[in-house]
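Sharing a model that was predicted from the sequence below.
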Amino acid sequence: MNATAANVLPVVGLEIHVELATQTKMFCRCRNRFGDPPNTNVCPVCIGMPGVLPVMNRKAVDLAMKVGLALNCTVPPLTKWDRKSYYYPDLPKNYQISQYDLPLTVNGYLEIPLAEGAAKSKKVRIRRAHLEEDAGKSIHDHPHHTSVDLNRAGVPLLEIVSEPDMNTMEEVMAYARSMQRLVRWLGASEANMQMGHMRFEPNINLHITAQDGRTVQTPIVEVKNLNSFRAMERTVAYEIQRQLEAWRADPDGYTMDKLGKQNRGFDDARGVTVFQREKEEAHDYRYFPEPDLVPVEVDQAWQAATRATIGELPLARRARYMAEYGLTFKEADALTQDAPTGELLDSAVAAGAEARRCVNLLLSRGAALANERDCTIAEVGITVEALAELAKMLSDGRINATAAAKVFDLTVQTHQSPSAIAQEQGLLTVRDTSAIEQWVEAAIATNPQAVADVKEGGKKQKKAFGFLMGQVMQMSGGAAAPADVQRLLQQKLGG
Ligand code: ZN
Ligand code: MN
């Protein structure tokens with residue numbers, strides 16, 4: 001085949017492993033918690049002693065089903081557990097309890113937002129989302145030996161497998177970020193990348209149309225266990241480039257038909273992927289039904305009860321904010337990164353505050369504090385009552401935007417009410433026209449050039465008027481009501 005490509009289409013599917021935020025592990029009562037001293041949350045079941053019996057954690061099934069339903073998946077009436085056999089030092093049982101041919105949820109999709117502003121999105125199909133247990137962790141921090149920590153062994157793990165529906169880096173990253181937002185939104189996982197709550201395994205290949213019109217696929221490469229967005233972005237970018245070069249060097253040999261699937265690992269220090277092995281097929285794992293666990297029947301009542309816990313999902317809420325509150329895409333998107341921030345906004349509006357005022361407060365000081373503290377806007381700690389009160393004070397002209405920003409910070413710090421703070425700090429708007437009149441006269445007296453520019457009209461008028469307004473606001477310590485200043489200034493200069 002001619003090694004000149006007329007068209008190269010990257011094709012990416014993603015497997016995502018998500019640790020579920022349950023109190024206890026998947027098949028025993030050990031605590032599911034990150035960061036405890038090694039091997040303290042273990043028992044005979046999760047360290048694989050012979051003769052013990054696993055017991056299913058129903059809460060984990062609830063959470064997994066909730067995610068599956070939110071991903072528009074079908075929940076078949078019967079699901080079962082299977083043993084997936086492999087040996088690894090952090091898997092003392094020599095098998096992982098997983099789900100093979102009857103997964104908990106199947107055939108859904110996740111709608112992902114695509115940048116370019118407004119309502120553009122794409123549906124990435126979900127093949128299946130099934131439950132399994134996590135393995136322990138090998139710790140390579142000693143020069144002469146490797147330690148094993150089994151606290152993680154048996155933690156409930158949801159494996160979400162997409163179809164290979166992503167064709168650009170933008171889509172891959174949007175899918176991964178949307179999935180993180182969704183599982184957090186649903187309370188299914190903290191999805192903290194540093195704590196390994198979420199790991200990515202992309203499948204990548206290229207569909208190449210050569211100039212002679214023939215098409216060919218490069219081998220599908222699966223890259224294992226990426227634990228940051230950055231690592232995934234670098235991996236996918238590297239693979240697209242590497243596969244194209246490999247095909248150009250050997251257009252007849254470097255193909256899916258000849259080489260099949262391959263596993264590669266990402267070398268973070270060098271920023272490259274490294275060949276590991278031909279990819280395992282299902283038969284390599286000797287899957288067979290787990291004899292110690294009964295299949296799970298999911299009746300309609302269970303499914304309906306789980307569905308009822310889902311509530312409004314991020315994209316639906318974003319669309320509602322644009323329609324109902326008149327927000328821009330960017331504003332609505334920023335307020336729907338997590339569930340509690342939107343709930344704060346909705347509750348303040350329900351308490352009678354103007355949506356626009358609340359949004360401005362949340363996206364100015366709220367977002368700034370969140371950014372400083374590396375948390376969500378809701379986690380900054382403004383209460384519904386304080387937000388609603390401050391928004392109403394702005395609407396009534398009792399406070400101006402500059403003062404409101406100060407009050408916002410202080411109410412978060414002290415938990416005092418905005419009106420008490422504004423009173424105490426002298427931040428309430430001055431509606432005393434005689435005081436404002438004096439400032440206006442002083443501004444006019446000390447700025448003859450600006451006054452002349454305003455009176456003359458023309459190009460400089462608007463800027464000069466703004467300058468005089470600013471002078472008055474400054475003299476008032478930011479406390480004058482801008483509408484009053486404007487009115488009085490117009491009167492004096494016009495008259
Ligand atoms: Zn245990
Ligand atoms: Mn898995």
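It's in. A quick note: this is a predicted structure, and the numbers were derived from the prediction, not measured. Numbers count the residues shown, from 1 in each chain. Ligands and ions are numbered 1, 2, ... in the order given.

right, and residue 113 touches residue 121 too?
Yes - if you go by CB atoms under 8 Å, residue 113 and residue 121 touch, sitting 5.3 Å apart. Glycine gets a C-beta too; all of them are placed from N, C-alpha and C.

okay, and the common contacts of those two?
residue 315 (CB atoms under 8 Å, 6 or more residues apart in numbering).

ok, those two, which is more surrounded?
Each of residue 113 and residue 121 has its neighbours counted (other CB atoms under 10 Å); residue 113 has more, 20 against 14.

ok, longest helix in this protein?
helix 229-249 (DSSP state H).

For that helix, what is the distance to the chain centroid?
25 Å (CA atoms, centre = their mean, to the nearest Å).

So which residues make contact with the helix or strand that comes right after that helix?
Counting by DSSP states H and E, the next helix or strand C-terminal to helix 229-249 is helix 256-259. Contact partners of helix 256-259, identified using CB under 8 Å, 6+ apart, comprise 205, 216-220, 252-253.

Quick one: list the elements packing against the lowest-mean-pLDDT helix or strand in the chain.
Counting by mean pLDDT, DSSP states H and E, the weakest-scoring helix or strand in the chain turns out to be strand 272-278, with a mean of 87. Strand 272-278 sits against helix 229-249, strand 262-267, with contacts defined as 3 or more CB pairs under 8 Å, 6 or more residues apart in numbering; DSSP states H and E.

Quickly find the element holding the residue of the stretch 151-300 of the chain found nearest ligand 1.
Distances between the stretch 151-300 of the chain and ligand 1 by CB to the ion are smallest at residue 154, namely 5.5 Å. Per DSSP H and E: residue 154 is located in neither a helix nor a strand.

With adjacent residues omitted, what lies nearest to it?
Among residues not flanking residue 154 along the chain, residue 46 sits closest, at 3.5 Å (CB to CB, 6 or more residues apart in numbering).

Need the three-state assignment for that neighbour.
coil (DSSP: H, G, I helix; E, B strand; the rest coil).

Would you agree it is in contact with residue 153?
Yes - Residue 46 is within contact range of residue 153, at 4.9 Å (criterion: CB under 8 Å).

between these two, what contacts are shared?
Common neighbours of residue 46 and residue 153 are listed as residue 133 (criterion: CB under 8 Å, 6+ apart).

The residue nearest the centre of the chain: what's it in contact with?
Using CA atoms, centre = their mean, the residue of the chain that lies closest to the mean C-alpha position is residue 181, 3.2 Å off. Shown in contact with residue 181 (CB under 8 Å, 6+ apart): 314, 337-338.

again, only this time at 10 Å
Contacts for residue 181 (CB atoms under 10 Å, 6 or more residues apart in numbering) come out as 113, 191, 313-315, 336-339.

Let me see the backbone angles for it.
Dihedral pair for residue 181: phi -60, psi -40, per degrees, to the nearest 10.

Quick one, grab the pLDDT at it.
On the pLDDT scale, residue 181 is placed at 95.

what does residue 118 give?
52.

Ok, residue 115 next?
The confidence metric pLDDT takes the value 66 at residue 115.

repeat for residue 2
64.

and if you look at residue 478?
Among the per-residue scores, residue 478 holds a pLDDT of 77.

for ligand 1, what are the nearby residues on the chain?
Contact residues (CB under 5 Å from the ion) of the chain with ligand 1: 28, 30, 43, 45-46.

Widest-spaced pair of those?
Across the residues of the chain next to ligand 1, no pair lies farther apart than 30 and 45, at 7.7 Å, counting by CB to CB.

Pull up the overlap in contacts between these two.
What both residue 30 and residue 45 touch, as defined by CB under 10 Å, 6+ apart, is the set 153-154.

so what are the domain limits for the chain?
1-11+205-276, 21-188+280-301, 312-425, 433-493 (automatic domain parsing).

Let's have those in a markdown table, adding distance to residue 196.
Output for the domains of the chain, formatted as a markdown table (distance: least, CB to CB, whole Å):
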| stretch | distance to residue 196 |
| --- | --- |
| domain 1-11+205-276 | 6 |
| domain 21-188+280-301 | 8 |
| domain 312-425 | 19 |
| domain 433-493 | 48 |
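
top of the contacts of residue 181 by neighbour count?
Going by other CB under 10 Å, residue 336 tops the contacts of residue 181 with 25 neighbours.

Show me which residues of the longest strand along the chain are buried.
The single longest strand within the chain, with elements called by DSSP state E, is strand 5-19. With burial defined by 16 or more other CB atoms under 10 Å, the residues of strand 5-19 counted as buried are 5, 10-19.

so where does residue 204 fall, helix or strand?
Residue 204 belongs to strand 198-210, assigned by DSSP H and E.

wait, I meant residue 157
strand 156-162.

That strand - which strands sit beside it in the sheet, and in what orientation?
Looking at strand 156-162 with DSSP bridges, its partner strands are strand 5-19 (antiparallel), strand 121-133 (antiparallel).

Save these as TSV, and put in mean pLDDT too.
Below are the strands paired with strand 156-162 laid out as TSV (pLDDT from 0 to 100):
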stretch	mean pLDDT
strand 5-19	95
strand 121-133	96
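
what about residue 49, how many residues close to it?
Residue 49 has 11 neighbouring residues, counting by other CB under 10 Å.

from memory it sits against residue 93, does it?
Yes - contact criterion CB atoms under 10 Å: residue 49 and residue 93 qualify, at 9.0 Å.

Residue 200 bridge partners, please.
The partner list for residue 200 in beta bridges (DSSP bridges) reads residue 16, residue 226.
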